[in-house]
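> Give the three-dimensional model of this entry:
(3 chains)
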Amino acid sequence: MPHFTIEYSANIDKRVDMAAVVELVRKAAVETGIFPVGGIRVRAIKCEHYAIADGNPQLGFLSMVLRLGEGRDLPARQKAGEHIFKALSTHLDPVFANSKFALSFDMQINDKETSWKRNNIHEALKVEAAHG
Amino acid sequence: MPHFTIEYSANIDKRVDMAAVVELVRKAAVETGIFPVGGIRVRAIKCEHYAIADGNPQLGFLSMVLRLGEGRDLPARQKAGEHIFKALSTHLDPVFANSKFALSFDMQINDKETSWKRNNIHEALKVEAAHG
Amino acid sequence: MPHFTIEYSANIDKRVDMAAVVELVRKAAVETGIFPVGGIRVRAIKCEHYAIADGNPQLGFLSMVLRLGEGRDLPARQKAGEHIFKALSTHLDPVFANSKFALSFDMQINDKETSWKRNNIHEALKVEAAHG
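Numbering: from 1, shown residues only, chains lettered A, B, ... in the order given. Got it, this is the predicted structure:
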């Protein structure tokens, strides 16, 4: 279930390798141990038009939202969130060093009563594990 | 009010006609009978950067979130959701047959106390219906 | 904390200057006085694929969602929301005059227990203010 959606200002595309960012978040999510690997989906959306703070076009942002299923208590979510945020924040140290930048990470919980899914990745991973 | 937002991994763009997908979801939403036609808005956002499950770049996902207004009870939302999900899932059978793929659909309810809208589509549809 | 995310149908890109729209929303958010300037982030995402109402491709939409932190009461959020919506809606009067269009604005509140951030913009603005 875990869905990580990153939105970012297009002006950081030259300074940040976004393919590396989504992979870093994926790995950090696996490391938390609280998510089934087959359900992890991280993506990034570049925003060509943005206006930040006082409107200075040099400012940048990266905002991540995690939607996850019910069933994990607050301490587990907080511990996982801290781990993922720390990995992401450390990776972006050079951006903070060289520019004015805003990073954020928020979690939302999906209502299990109105949630549908179909996924053949879980099974493929099991087969790989058995044959690996 | 119903807002359907689809996010999908760019690698399925060659295998899936996304214009057909948004139209299919729109039709399925109309068929549920619980939404005013003039309020239905479906869109899809291609995500160029993504990392899924074990990181295999061949994996794909399509995630849909519906934001809708208050005022429909859980059974009505579940029945509508099942109808829409079934239509979408069936349409994607070939994708599941030929690749490892994760499909999901979740609903969120907008707070009516902090919701604003302006829409001249409803009226246009009434005029069309009267003159049709 | 305030995050404004706009999604819009690609067909309005020729009629609406989206850079002006995000700047207008930013200014209106500052004017409300309830947000720290350094935390305001507005962005717009163009949706190439969309299906609206009866499927007529001439229809258009612009949907804005604000995610904000806890700690502001409902009247304060409503007053701020009305100010921002009015500014945006007035700006789009020509779009409503010349086409069938749906505008919406909804607020969501982030859970402070699972919210992480890092931001060096606040400090930069203070320095500017002190030296201005």
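
> which residues make contact with the helix ranked longest in chain A from outside it?
The residue-count maximum for a helix in chain A (DSSP state H) belongs to helix A:74-91. Here helix A:74-91 makes contact (CB atoms under 8 Å, 6 or more residues apart in numbering or on different chains) with A:20-21, A:24-25, A:27-29, A:31-32, A:34-35, A:64, A:66, A:68, A:72, A:103, A:105, A:107, C:113-114, C:116, C:118. All C-beta spots, glycine's among them, are computed from the backbone N, C-alpha and C.

> same check, this time on stretch A:31-41
Here stretch A:31-41 makes contact (CB under 8 Å, 6+ apart) with A:1-4, A:26, A:29-30, A:68, A:72, A:76-77, A:79-80, A:83-84, A:119, A:121-125, B:50-54, B:61, B:63, B:102.

> Sort out for me which of the residues you listed are in helices.
With helices taken from DSSP H, the overlap with those comprises A:26, A:29-30, A:76-77, A:79-80, A:83-84, A:121-125.

> mind listing what's buried in the helix or strand of chain A with the lowest mean pLDDT?
Within chain A, no helix or strand scores below helix A:121-131, which has a mean of 90 by mean pLDDT, DSSP states H and E. Of the residues in helix A:121-131, A:121, A:124, A:125 count as buried by neighbour count, 16 or more other CB atoms under 10 Å in any protein chain shown.

> between those, which is closest to residue B:8?
Of all the buried residues of helix A:121-131, residue B:8 sits closest to residue A:121, with 14.7 Å by CB to CB.

> Under the pLDDT cut-off, which ranges of chain A? List them.
Per-residue confidence for chain A (pLDDT under 70) gives these ranges: A:132.

> CA-only coordinates of the longest helix of chain A in CSV, if you can.
What follows is helix A:74-91 as a C-alpha-only set of coordinates in CSV (Å, rounded to 0.1, in the frame of the first residue of the first chain):
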residue,chain,number,x,y,z
LEU,A,74,1.6,5.9,15.8
PRO,A,75,5.1,5.0,17.2
ALA,A,76,5.7,2.6,14.3
ARG,A,77,4.7,5.3,11.8
GLN,A,78,6.8,7.9,13.5
LYS,A,79,9.9,5.7,13.7
ALA,A,80,9.5,4.8,10.0
GLY,A,81,8.8,8.4,9.0
GLU,A,82,11.9,9.6,10.9
HIS,A,83,14.1,7.1,9.2
ILE,A,84,12.9,8.0,5.7
PHE,A,85,13.0,11.7,6.3
LYS,A,86,16.5,11.5,7.7
ALA,A,87,17.7,9.7,4.6
LEU,A,88,16.1,12.1,2.3
SER,A,89,17.2,15.2,4.2
THR,A,90,20.8,14.1,4.4
HIS,A,91,20.8,13.4,0.7
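
> Check which residues of it are buried.
Neighbour counts over helix A:74-91 (16+ other CB under 10 Å) mark A:77, A:80, A:81, A:83, A:84, A:85, A:87, A:88, A:89, A:91 as buried.

> Please apply the same query to stretch A:37-48.
A:37, A:38, A:39, A:40, A:41, A:42, A:43, A:44, A:45, A:46, A:47.

> Let's have the residues you listed in JSON lines, adding secondary structure.
Listed next are the buried residues of stretch A:37-48 as JSON lines, based on DSSP: H, G, I helix; E, B strand; the rest coil:
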{"residue": "A:37", "secondary structure": "helix"}
{"residue": "A:38", "secondary structure": "helix"}
{"residue": "A:39", "secondary structure": "helix"}
{"residue": "A:40", "secondary structure": "coil"}
{"residue": "A:41", "secondary structure": "strand"}
{"residue": "A:42", "secondary structure": "strand"}
{"residue": "A:43", "secondary structure": "strand"}
{"residue": "A:44", "secondary structure": "strand"}
{"residue": "A:45", "secondary structure": "strand"}
{"residue": "A:46", "secondary structure": "strand"}
{"residue": "A:47", "secondary structure": "strand"}
